[in-house]
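Engineer: model this:
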Amino acid sequence: MGRLVRCVKCDAIFLKTPYDQVPEYGGDVPNQGRNVHALERDDYGDFLKNHHGHRLEDLTIVEDSLVGEREYAEPVNVSYFKATNGKERFVIKRHRERIDDPLRYELIHGDYSLNCVAVDVQSREISQNLERVLRGRPALAQKIHAFIKLYQQVSRQVDLTRRKRVAEGSDHSLEVYYRIDEVSLVYLLRNCRTLFEPEEFPEVEAFIYRHKDDGVLLMKATYEIQVKERVRSAEETSPASFRLKKASCGEKV
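Structural biologist: This is a model prediction of the structure:
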């Protein structure tokens, strides 16, 4: 991402990149080359001027810690990542109001966690695939509905803390896909024997095994970001001070 610099006194954050001194081009008709002029920029230089005399430190971005409230590719997004100075970890909030605004970075003393708010199955995709598998079977719609209801019940019983997430999947950091575990798989197959006719079950069983690892039977968990700010001590929030010894009469300080 670049070099992350923190002003220790102000907790201001600057992300230094190769584009900090790239000029901006403006004008009336820039695409036709008329009245175009370059606006010189030195964003990092401005940051150094604003924090002249303050102690600066580099922060290391914690790998794979980026999460956002919207899809990764969404340019107007509120996202968070973690960074450390080697002694303390921080949360960095990255955001902007409009697509043409510069990204802003705010330092938060604390941490964030992801809390699961919903677990669901891919109902539409399951329905479409089962229709192709069981085309022409009697009472098809009712059986598909019963299968989805059964699988939703299975998904609510799954302990996601014991499941391994699928590496590839969603474009959204708050949507995570998980595979069905072996115990839940056995339960699903056993109940499918009662939902479908004996001649239908082999096709349903093959469908389940075909899609249980990387297909429409992946369970989707939706998370929310909870940022917990740490209460800072008075020593952290106050400027550094020196202890002064009270002088007796006639003693020089």
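Engineer: list of residues touching stretch 136-152?
Structural biologist: For stretch 136-152, the external contacting residues (CB atoms under 8 Å, 6 or more residues apart in numbering) are 120-121, 123, 126-127, 130-131, 134, 188, 191-192, 195-197, 200, 204, 217. Backbone N, C-alpha and C define where each C-beta goes, glycine included.
Engineer: buried set for stretch 102-114?
Structural biologist: 105, 107-108, 112 (16 or more other CB atoms under 10 Å).
Engineer: just the C-alpha atoms of that stretch, please, in CSV.
Structural biologist: Extracted C-alpha coordinates of stretch 102-114, given in CSV (Å, rounded to 0.1, in the frame of the first residue of the first chain):
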residue,chain,number,x,y,z
PRO,A,102,-8.7,12.1,-1.6
LEU,A,103,-8.6,9.1,0.7
ARG,A,104,-8.5,10.0,4.4
TYR,A,105,-6.8,8.0,7.1
GLU,A,106,-7.7,8.1,10.8
LEU,A,107,-5.8,6.3,13.6
ILE,A,108,-7.9,4.6,16.3
HIS,A,109,-6.3,3.3,19.5
GLY,A,110,-7.9,-0.1,19.9
ASP,A,111,-8.9,-3.1,17.7
TYR,A,112,-11.7,-4.3,15.6
SER,A,113,-13.5,-7.7,15.5
LEU,A,114,-15.8,-9.3,13.0
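Engineer: roughly how far out does that stretch sit from the chain middle?
Structural biologist: Stretch 102-114 has its C-alpha centroid displaced from the chain centroid by 12 Å (CA atoms, centre = their mean, to the nearest Å).
Engineer: contacts for it?
Structural biologist: For stretch 102-114, the external contacting residues (CB under 8 Å, 6+ apart) are 4, 6, 11-15, 67, 80, 82, 88-96, 174, 223-230, 232, 236.
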